[in-house]
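>>> From the sequence below, what's the structure:
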Amino acid sequence: MTLENKHTYWNIINRGYIRYPTLSKNEKCDVVVIGGGISGCLTTYFLSQHNLDTILIEKYLVANGSTYSNLGFLENKTDFSYNKLTELVGKESAYRAEKLCKRSVDILENILYNINYKHIFQRKDFKYIYNDPRKKYSENYTVVENCAIVDPFKLCHVILRASLKKNARVYENTCAIGYDYYSNNLRVNLKNSNYIECKNIIFTDIWSSYKLIKEWELLDRSKIYNIITEPLDNIYIDFLQKHIILQEDDDLYTYIKATIDKRLMISEFNGASSPDKESELLNKLKDILPYPETLKGEYFLEKNYAQSPDGLPYIGKHPKFDGCYFNLAVGRNNICYSLIGAEIIKDLILYESSPDAKIFSFERN
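So this is what the prediction gives:
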């Protein structure tokens with residue numbers, strides 16, 4: 001069983017991707033994007049497509065960190081049910097947030113089609129099983145159509161490849177240690193004593209951002225547990241090639257999907273830790289789908305997970321930080337949230353307004 005980040009499923013199946021240089025001199029641009037995960041890459045793409053001179057910096061490697069534990073799914077709904085979200089944010093905001101999630105699935109599909117990487121995107125239906133873990137997938141479920149899955153590692157790299165064609169610059173192993181204001185601009189100070197002068201900074205790394213913001217009440221923190229099995233030859237693989245199963249039991253969410261190489265990925269959000277989480281998750285799988293007792297996991301990953309109290313991301317400006325924007329895709333549906341944030345921030349920078357920004361504002365609560 002593989003535990004280390006450097007040997008996770010996504011980077012084992014993806015080989016030969018470009019590595020980017022370390023920034024070794026001072027630079028100047030319109031926008032600096034901090035973070036080379038999905039949010040950072042999508043934000044860089046949207047800005048570069050609108051001719052903003054953009055530099056992305058990542059303190060380690062692009063598509064590492066939280067991207068390793070990303071499930072790669074896009075739901076055409078928010079993390080919470082429409083009724084629950086309506087109670088928290090009001091009917092108008094809840095309705096618009098749901099529509100934006102549905103729209104983001106279509107937008108990502110069109111982006112990948114236009115850059116000739118449509119093949120990494122698959123439409124899938126979600127089958128939701130509620131409350132009773134003993135129910136089989138064929139009993140008592142609801143279906144949400146036109147969701148999707150994507151390889152998150154490939155997504156980051158192909159999106160950046162398209163951004164480079166629009167003159168974006170990308171630097172790995174380049175760590176920001178602070179920023180200050182300089183001649184009506186911002187200066188991002190780097191660990192190696194270089195700096196980047198810019199007009200705006202966009203923070204996309206969740207944990208680094210919250211160390212900066214220091215408002216931890218905005219986050220509900222828990223764990224993701226993720227197991228990927230050995231390859232299987234079974235009729236349920238055919239079923240799961242077309243569907244994703246989501247079992248919901250109070251605030252515990254378990255996702256089951258098939259991978260392209262006929263494995264099963266089982267992921268649990270908000271679950272309690274245990275000495276043998278692998279066996280616990282495999283047993284949960286066997287309660288839903290009748291797999292043999294000999295089924296084994298090959299990869300296991302435990303990661304920190306954050307969600308806002310209303311299940312929506314935090315996007316836009318923060319009142320403490322002039323000239324800075326945040327695209328913090330907290331929550332389970334983080335790829336959709338990342339894309340929504342990238343589009344909103346692009347509008348805020350270019351046009352100084354976005355009709356949807358208030359839904360995801362830091363000041364909404």
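
>>> before we move on, which element is residue 253 in?
strand 252-258 (DSSP states H and E).

>>> by contact count, what packs against the following helix or strand past that strand?
Scanning forward in sequence from strand 252-258, with DSSP H and E defining helices and strands, the next element found is strand 264-269. Strand 264-269 makes packing contacts with strand 220-229, strand 252-258, helix 277-288 when contacts are defined by 3 or more CB pairs under 8 Å, 6 or more residues apart in numbering; DSSP states H and E. Glycine gets a C-beta too; all of them are placed from N, C-alpha and C.

>>> want to try a markdown table for the ones you listed, with mean pLDDT and mean neighbour count as columns?
Rendered in a markdown table, the data for the helices and strands packed on strand 264-269 read as follows (pLDDT from 0 to 100; neighbours: other CB atoms under 10 Å):
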| stretch | mean pLDDT | mean neighbour count |
| --- | --- | --- |
| strand 220-229 | 88 | 20 |
| strand 252-258 | 86 | 20 |
| helix 277-288 | 84 | 17 |
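
>>> so which of the ones you listed gets nearest residue 246?
Among these, the nearest to residue 246 by CB to CB is strand 252-258 (5.5 Å).

>>> So which elements touch that closest one?
Contact analysis of strand 252-258 by 3+ CB pairs under 8 Å, 6+ apart lists helix 235-240, strand 243-249, strand 264-269, helix 277-288 as its packing neighbours.

>>> Next, the angle strand 264-269 makes with the strand holding residue 253.
Direction vectors for strand 252-258 and strand 264-269, defined by axes from the mean of the first three to the mean of the last three CA atoms, to 10 degrees, enclose an angle of 160 degrees.

>>> circling back: among the helices and strands packed on strand 264-269, which comes closest to residue 117?
With CB to CB, the closest approach to residue 117 among the helices and strands packed on strand 264-269 belongs to strand 252-258: 20.0 Å.

>>> List the strands paired with that closest one, with their directions.
The sheet places strand 252-258 alongside strand 243-249 (antiparallel), strand 264-269 (antiparallel), with pairing taken from DSSP bridges.

>>> Compare the ones you listed and report which one is nearest to residue 153.
Nearest to residue 153 among those is strand 264-269; the distance by CB to CB comes to 13.7 Å.

>>> Other residues contacting the closest one?
Taking contacts as CB atoms under 8 Å, 6 or more residues apart in numbering, the residues outside strand 264-269 that touch it are 9, 71, 222, 224-229, 232, 237, 240, 252-259, 281-282, 284-285, 291, 305, 332.

>>> what does stretch 114-132 give?
Contacts made with stretch 114-132 from outside it, assessed by CB under 8 Å, 6+ apart, are listed as 73, 75, 108-109, 112, 135, 137, 140-151, 154-155, 158-159, 161-162, 242-249, 257, 288.

>>> That stretch: how far from the chain's middle?
On the basis of CA atoms, centre = their mean, to the nearest Å, stretch 114-132 is displaced by 14 Å from the centre of the chain it belongs to.
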